[in-house]
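Participant: With the input below, show me the fold.
(one chain, ligands or ions: 3)
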Amino acid sequence: MADIIYTKVDEAPELASASFLPIIRAFTKAAGLTIGTRDISLAGRILANFPEYLTDEQKQSDALAELGEMVKQPDANVIKLPNISASQPQLNAAVKELQDQGYKLPDYPADPQNDEEKSVKARYDAIKGSAVNPVLREGNSDRRAPKAVKEYAKKNPHRMGEWLPSSKTHVATMGQDDFRSNEKSVTIAAASAGTAKIEFVGKDGATTTLKGDWPLEEGDVIDATYMSAKALSAFLEQEIQDSKDQGVLFSLHMKATMMKVSDPIIFGHCVKAFLKDVFDKHAATFADLSVNPDLGIGDLEAKVATLPADKAAEIQADIKSALSNGPDMYMVNSDKGITNLHVSSDVIIDASMPALIRAGGKGWGPDGNEHDAKCVIPDSSYAGVYSAVIDFCRENGALDPAKMGTVPNVGLMAQKAEEYGSHPQTFKAPADGTIRVVDAAGTPLIEHGVEEGDIWRACRTKDAPIRDWVKLGVTRSRLSGMPGVFWLDKSRAHDAELIKKVEAYLPDHDTSGLDLKVMAPTEAAKYSTERIARGEDTIAITGNVLRDYLTDLYPILEVGTSAKMLSIVPLMNGGGLFETGAGGSAPKHVQQLQEENYLRWDSLGEFCALGASLEHLANAKGNDKAQVLADALDKAIEGLLDNDKSPARRVGGLDNRGSHFYIALYWAKALSDQDQDADLKSHFAPIAAALSDGEATIVSELNGVQGSPADTGGYYHAPQAKVDAVMRPSATLNGIIG
Ligand SMILES: NC(=O)C1=CN([C@@H]2O[C@H](COP(=O)(O)OP(=O)(O)OC[C@H]3O[C@@H](n4cnc5c(N)ncnc54)[C@H](OP(=O)(O)O)[C@@H]3O)[C@@H](O)[C@H]2O)C=CC1
Ligand SMILES: O=C(O)CCC(=O)C(=O)O
Ligand SMILES: [Mg+2]
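Facilitator: Numbering: from 1, shown residues only. Ligands and ions are numbered 1, 2, ... in the order given. Now for the predicted structure:
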């Protein structure tokens, strides 16, 4: 196995890899280290799952499965870049692109008619959504802003929108009949351990098994809950009307990628509520077209466009008038008319809510201008966190990045913890009846009366990850000297079980002198936000969903983006997984590259992950050269920030490729300046000199290509040679690195 595995992904970070990976390879080779790659891109995962449709040359191994095994080994050292968590439309588009390239893949069978189609659908469904991270995360999460990044942000505060006391921006949430309010939770006792099942019992007493094999171990915390479909619809209709009455944008914020079964259904309810008249009037036509509201207005429009012209025009006019009669909608792209409800994966809560708060509580409206917004977050489990921050900003004005403290996160995520591992246990109730979890001994553990269409789900949190998470919280608090807050609500069923475990496991550690407490999420958000405003730091020790939300929320407010975060996953078996940043794969950036050959992706997350990975390698294998590389990279990162060589946003500035040149230059300089390792010093001295002498030429070669379209030959599956040609345009730099 290579010393370090670097993942091949999609979109902007993958484009960046074409430029950065050759630099990594060249630098680490000098220390005798090897870098392997594994393809976890959406296209790569599709190809790996359909070998029987491909020629031998087209076949690809299942790199995700391999990595899933690797992360359980003590010597694992994996750098994980963000990948696409595909919605249905993204999956369809990737399949289409591959088919056009000559891969004879089957279409996605929305309504499978035979065993083969069922198998195809099941395989595609497994590729959808957040299918990668949960497999690799065999450890809990430690995400924080590196010191150099925080200091840079204080000296160079990013722009924050103004928060006015008159802002009408607010969060709307159900508060009843939702996942939070219906939750029940138990910790599995020895007598209940074994293979549990999930059943639906109809009004007539007939029992159907929804899931027959759910292995539970003693100590696991399980919880189950449901959201009432009727209550959800009524809530959405009321909030749509209220947006219109208040004259604020209507927006829906969810995580249809991670919560890939439940949230598309909730999204579909919202599409139907917003276009209620259209769905009522054209019910028969929509049934013929197999319109599925869960796929969004984008899919609806595509299906309507296949109708005879006059019918299509009639429905298109009805959709248009429904959109204009309703409240203004929060837009994904107002120039192109793409609304919040076009595709469920376009607006993802972890990124969308912080961006809105950073902008002073504003979202983009259909007129291309910023407006106050109603932020609909149907389930009330975590909605209060955003309300607390919004309320704080409304009362106190925007937070000041020049003075703010920091909120690092210790997140419980190992082994598919909590909601983010729940999709195999999420079901839409087939009829009125009862859904229940029955343990191996046949005893019902949890049950709920449900109505047809209700969304029911069960989550599991394993005991070993909880212990590890408590330990990581204590360790981080000790090392950083910061107080830590466990964001747990004793009035919520699942959290109450977790609090018992936290109380039981904390005494295993030396907590003397540490300030550790438990607070409900809304209070914790208020407390932590008040503290950052005063320049004070507080570790948020949270469950998996809040890990995801807070590691975008606070970084985006503190340092402008979550791309600059250090994101470490100490694997439970001793290895290291180093995630880059905390954000996603930034589709907008790819578009900009295609249109004007400019990539504004900031690879600082990759730089930080590489540094942490090298340091881990040094410690785990006693490799001194790896430590020298890590220390020098640290200096290079400081240099990059101090000299402002991160990518600018627009053509004319230094882009991603230019920032890679500077990291190489500063890294080589730091290596030739150090005295711990004479071999590395002498190896890098001429490289540093060549890079330094070539600076003007290299920068002009890199920047010279900007301004006209770039062709990478594909979006999901671009030929490497084409990507390399676009991403490595400086012959001078390539010569030195090569
Ligand atoms: N770990 C993972 O694998 C993750 C994957 N995803 C996936 O990523 C995709 C897009 O998600 P989305 O919610 O749009 O979030 P993104 O983080 O991709 O985009 C939000 C915005 O954040 C800014 N941004 C993010 N990263 C960087 C960076 N490195 N450099 C500069 N700016 C950055 C960009 O802002 P601006 O436009 O202002 O430049 C971008 O448009 C989805 O498929 C999603 O599932 C999402 C989160 C994590
Ligand atoms: O895996 C995903 O889909 C997103 C992950 C994410 O947003 C995160 O871990 O912060
Ligand atoms: Mg996230």
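Participant: And residue 554, how close does it get to residue 420?
Facilitator: Distance, residue 554 to residue 420, using Cβ to Cβ, to the nearest Å: 19 Å. Yep, even glycine has a C-beta here, placed from its N, CA and C like the rest.
Participant: These two: which is more packed in?
Facilitator: Set side by side, residue 554 and residue 420 show more neighbours around residue 554, with 31 against 21, by other Cβ atoms under 10 Å.
Participant: give me the number of residues near the nearest residue to the more buried one once chain neighbours are set aside?
Facilitator: Excluding the flanking residues, the one nearest residue 554 by Cβ to Cβ, 6 or more residues apart in numbering is residue 407, at 4.0 Å. As a burial measure, residue 407 scores 27 neighbours (other Cβ under 10 Å).
Participant: same deal with residue 137?
Facilitator: Number of residues near residue 137 (other Cβ under 10 Å) recorded here: 26.
Participant: Chain neighbours aside, what residue packs nearest to it?
Facilitator: Leaving aside its chain neighbours, residue 137 sits nearest to residue 413 (5.2 Å; criterion: Cβ to Cβ, 6+ apart).
Participant: Tell me the confidence at the one you found?
Facilitator: For residue 413, the model assigns a pLDDT of 97.
Participant: State the phi and psi torsions of it.
Facilitator: Backbone torsions of residue 413, given as degrees, to the nearest 10, read phi -140, psi -10.
Participant: what do you get for residue 518?
Facilitator: The phi/psi pair for residue 518 (degrees, to the nearest 10) reads phi -110, psi 130.
Participant: ok, the residue of the stretch 251-400 of the chain found nearest ligand 2 - contacts?
Facilitator: Proximity of the stretch 251-400 of the chain to ligand 2 (Cβ to the nearest ligand atom) peaks at residue 257, 4.4 Å away. Residues in contact with residue 257 (Cβ atoms under 8 Å, 6 or more residues apart in numbering) are 85-87, 129-130, 345, 348.
Participant: Shouldn't it be within a strand?
Facilitator: No - counting by DSSP: H, G, I helix; E, B strand; the rest coil, residue 257 is not part of a strand but coil.
Participant: tally of neighbours for the residue lying closest to it once chain neighbours are set aside?
Facilitator: Nearest non-adjacent residue to residue 257, counting by Cβ to Cβ, 6+ apart: residue 85, 3.6 Å away. Neighbourhood size, residue 85 [other Cβ under 10 Å]: 23.
Participant: Tell me if I'm right that residue 85 and residue 258 touch.
Facilitator: Yes - between residue 85 and residue 258 there is a contact under Cβ atoms under 8 Å: 7.0 Å.
Participant: quick revisit: just read off the phi/psi values of the residue nearest to residue 554.
Facilitator: Main-chain torsions, residue 407, degrees, to the nearest 10: phi -120, psi 90.
Participant: ok, back up a step: find residues that contact each of residue 85 and residue 258.
Facilitator: With Cβ under 8 Å, 6+ apart as the test, residue 85 and residue 258 both reach 129-130.
Participant: From the structure, what's the count of residues near the nearest residue to residue 451 once chain neighbours are set aside?
Facilitator: Spatial nearest neighbour of residue 451, excluding adjacent residues (Cβ to Cβ, 6+ apart): residue 432 at 5.1 Å. By other Cβ under 10 Å, the residues close to residue 432 number 13.
Participant: Check residue 102 too.
Facilitator: 9.
Participant: Mind telling me what element it is part of?
Facilitator: Assigned by DSSP states H and E, residue 102 belongs to no helix or strand.
Participant: Can you read off the pLDDT for the nearest residue in space to it that is not next to it in sequence?
Facilitator: Once flanking residues are discounted, residue 102 sits nearest to residue 58: 7.9 Å by Cβ to Cβ, 6+ apart. Per-residue confidence (pLDDT) for residue 58: 97.
Participant: Surely residue 58 and residue 101 touch.
Facilitator: No - here residue 58 lies out of contact with residue 101, judged by Cβ under 8 Å, at a distance of 9.3 Å.
Participant: Pull out the buried residues from stretch 382-402.
Facilitator: Across stretch 382-402, burial judged by 16 or more other Cβ atoms under 10 Å covers 382-394, 398-399, 401.
Participant: likewise stretch 124-140?
Facilitator: Neighbour-count burial for stretch 124-140 flags 124-125, 127-140 (criterion: 16+ other Cβ under 10 Å).
Participant: do it and ligand 3 meet?
Facilitator: No - Stretch 124-140 lies apart from ligand 3 when judged by Cβ under 5 Å from the ion; the minimum separation is 9.2 Å.
Participant: Got phi/psi on whatever residue of the stretch 601-738 of the chain ends up closest to ligand 3?
Facilitator: For the stretch 601-738 of the chain and ligand 3, the shortest gap (Cβ to the ion) falls at residue 605, measuring 12.1 Å. Main-chain dihedrals, residue 605, degrees, to the nearest 10: phi -60, psi -40.
Participant: For this structure, which residues are neighbours of ligand 3?
Facilitator: 350, 548.
Participant: Enumerate the residues of the stretch 551-700 of the chain near ligand 1.
Facilitator: Applying Cβ under 6 Å from any ligand atom, we find that the stretch 551-700 of the chain lies next to ligand 1 at 561, 563, 581, 583-588, 600-602, 605.
Participant: Only the buried subset of those residues, as a PyMOL command please.
Facilitator: Buried subset of those, written as a PyMOL selection, criterion 16+ other Cβ under 10 Å:
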select buried, resi 561+563+581+583+584+585+586+587+600+601+602+605
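Participant: what separates residue 248 from residue 338, distance-wise?
Facilitator: Separation of residue 248 from residue 338 (Cβ to Cβ) stands at 20 Å.
Participant: actually residue 657, not the one I wrote
Facilitator: As judged by Cβ to Cβ, residue 657 and residue 338 stand 29 Å apart.
Participant: Neighbour count: these two, which is higher?
Facilitator: Between residue 657 and residue 338, residue 657 has the larger neighbour count (other Cβ under 10 Å), namely 31 against 16.
Participant: Let me see the ranges of the strands in the stretch 501-650 of the chain.
Facilitator: 516-519, 539-542, 566-570, 576-580 (DSSP state E, counting those that start in this stretch).
Participant: Select, out of those, the one closest to ligand 2.
Facilitator: When the strands of the stretch 501-650 of the chain are compared by Cβ to the nearest ligand atom, strand 576-580 sits nearest ligand 2, at 7.2 Å.
Participant: near ligand 2 at all, the closest one?
Facilitator: No - Strand 576-580 lies apart from ligand 2 when judged by Cβ under 6 Å from any ligand atom; the minimum separation is 7.2 Å.
Participant: For that strand, name the packing helices and strands.
Facilitator: Here strand 576-580 touches strand 77-80, strand 566-570, helix 604-621, going by 3 or more Cβ pairs under 8 Å, 6 or more residues apart in numbering; DSSP states H and E.
Participant: could you dump those to TSV with mean pLDDT and distance to residue 686?
Facilitator: Listed next are the helices and strands packed on strand 576-580 as TSV, based on pLDDT from 0 to 100; distance: least, Cβ to Cβ, whole Å:
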stretch	mean pLDDT	distance to residue 686
strand 77-80	98	28
strand 566-570	97	31
helix 604-621	97	22
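Participant: Serialize these to a markdown table and add fields for distance to residue 371.
Facilitator: Converted to a markdown table, these look like this (distance: least, Cβ to Cβ, whole Å):
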| stretch | distance to residue 371 |
| --- | --- |
| strand 77-80 | 37 |
| strand 566-570 | 33 |
| helix 604-621 | 31 |
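Participant: Tabulate those (JSON lines), appending distance to ligand 2.
Facilitator: Shown next, in JSON lines, are the helices and strands packed on strand 576-580 (distance: least, Cβ to the nearest ligand atom, whole Å):
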{"stretch": "strand 77-80", "distance to ligand 2": "10"}
{"stretch": "strand 566-570", "distance to ligand 2": "8"}
{"stretch": "helix 604-621", "distance to ligand 2": "11"}
